[in-house]
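K.L.:
below are the sequence and a predicted model for it; my questions follow.
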Amino acid sequence: MSAEVEQQFAFLNIAAGVLADRESVFSGPAGWTSRVGMEFAGEQSSGGVELRTQLRQTETTGSVGIELGPRLEHRLPSGTRLFFNGSAQARTQYDRTGEMPSTGGPLQRAEVVGLSGTVGIAR
């Protein structure tokens, strides 16, 4: 479960929130989230970019995640729309006792990196 507080300033959208699980009632928030996004719109083009972060913690481990996602759309004179939605993510986990489990990766800890995207034409 999560809860966010959001504020919009012109084209800039900012949000912060907390993550909760069953243990949160007794031990406090399970993690924190943040989001910053910018959007633009023109006569034929619109889009935006959003940056999300997430920090999670348990008694023994913690994790940090970041996600960046652009969105672009362009309307052709014929009325056809071209669009692109993308996302790049990275997550890492660390031991809260101070020891980092070695995985042989560039940061020497458990890592996950992912890319996704959607490209389309709509009429």
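P.N.:
Looks like it arrived, so ask away.
K.L.:
any weak-confidence spans in the protein?
P.N.:
Residue ranges of the chain with pLDDT under 70: 1, 23-27, 96-110.
K.L.:
which strand or helix spans the residue located most distally from the centre of it?
P.N.:
No residue in the chain sits farther from the centre than Ser78, which is 34.3 Å out by C-alpha atoms, centre = their mean. Here Ser78 is covered by no helix or strand, with elements defined by DSSP states H and E.
K.L.:
ok, now how distant is it from Phe9?
P.N.:
36 Å (C-beta to C-beta, to the nearest Å). In short, each C-beta sits where N, CA and C put it, glycine included.
K.L.:
my guess is Glu67 contacts Gln89, does it?
P.N.:
Yes: with contact defined as C-beta atoms under 8 Å, Glu67 reaches Gln89; the gap is 4.6 Å.
K.L.:
pull up the overlap in contacts between those two.
P.N.:
Common contact partners of Glu67 and Gln89 (C-beta atoms under 8 Å, 6 or more residues apart in numbering): none.
K.L.:
which residue, other than its chain neighbours, is closest to Gly79?
P.N.:
Distances taken as C-beta to C-beta, 6 or more residues apart in numbering place Arg123 nearest to Gly79, at 6.5 Å, with adjacent residues excluded.
K.L.:
same thing with Trp32?
P.N.:
Using C-beta to C-beta, 6+ apart and skipping residues adjacent in sequence, the residue nearest Trp32 is Leu55, 4.7 Å away.
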